[in-house]
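>>> kindly return the folded structure for what I paste below:
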Amino acid sequence: MNDENQEKQVSYGLYILLGAILGALTGAGAGYLLTKRIEEGEEIQFTAGDGIKIGGSIIAFLRQISSLGN
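As a prediction, the model looks like this:
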């Protein structure tokens, strides 16, 4: 049983690491796209509504991930 617990802990760690890497890459990509738009002279304005839309999308995405395998 001890070996099984160690395998689970290792796989949990790998999932967390993979999630962190994917999150960092996604955030870097979003930052890159925003800076490109700014370099092109486009004015960027975020409203409270935009923040709510983005937050809702992130929550929906996380719910979908948590329901995988069910």
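
>>> where does residue 12 fall, secondary structure wise?
helix 2-39 (DSSP states H and E).

>>> report all helices and strands that that helix contacts.
Using 3 or more Cβ pairs under 8 Å, 6 or more residues apart in numbering; DSSP states H and E as the contact criterion, no helix or strand is in contact with helix 2-39. For the C-beta atoms, the positions are set from N, CA and C on the backbone; glycine is no exception.

>>> from residue 63, how far out is the residue positioned nearest the centre of the chain?
Nearest residue to the geometric centre of the chain (Cα atoms, centre = their mean): residue 23, 3.9 Å. According to Cβ to Cβ, to the nearest Å, residue 23 stands 16 Å off from residue 63.

>>> how about residue 25?
According to Cβ to Cβ, residue 25 and residue 63 sit 21 Å apart.

>>> what is the neighbour count of residue 13?
Counted with other Cβ atoms under 10 Å, residues neighbouring residue 13 total 10.

>>> oops, could you answer that again for residue 34 instead?
By other Cβ under 10 Å, the residues close to residue 34 number 13.

>>> and it, what does it touch?
residue 44 (Cβ atoms under 8 Å, 6 or more residues apart in numbering).

>>> where in the protein is pLDDT low?
Under the criterion pLDDT under 70, the flagged ranges of the chain are 1.

>>> hmm, 80 instead?
1-10, 69-70 (pLDDT under 80).

>>> which SS state does residue 43 fall under?
State at residue 43, reduced to three classes by DSSP: H, G, I helix; E, B strand; the rest coil: coil.

>>> please tell me how far it sits from residue 28.
Look at residue 43 and residue 28: by Cβ to Cβ, they are 23 Å apart.

>>> please say which of the two ends up with more neighbours.
Under the neighbour definition other Cβ under 10 Å, residue 43 and residue 28 were set side by side, and residue 28 has more, 10 against 6.

>>> hmm, back to that, which residues touch the helix or strand just after the helix holding residue 12?
The helix or strand immediately downstream of helix 2-39 is helix 48-66, counting by DSSP H and E. Applying Cβ under 8 Å, 6+ apart, helix 48-66 has no contact partners.

>>> list the buried ones in helix 48-66?
Residues of helix 48-66 classed as buried: none (neighbour count, 16 or more other Cβ atoms under 10 Å).
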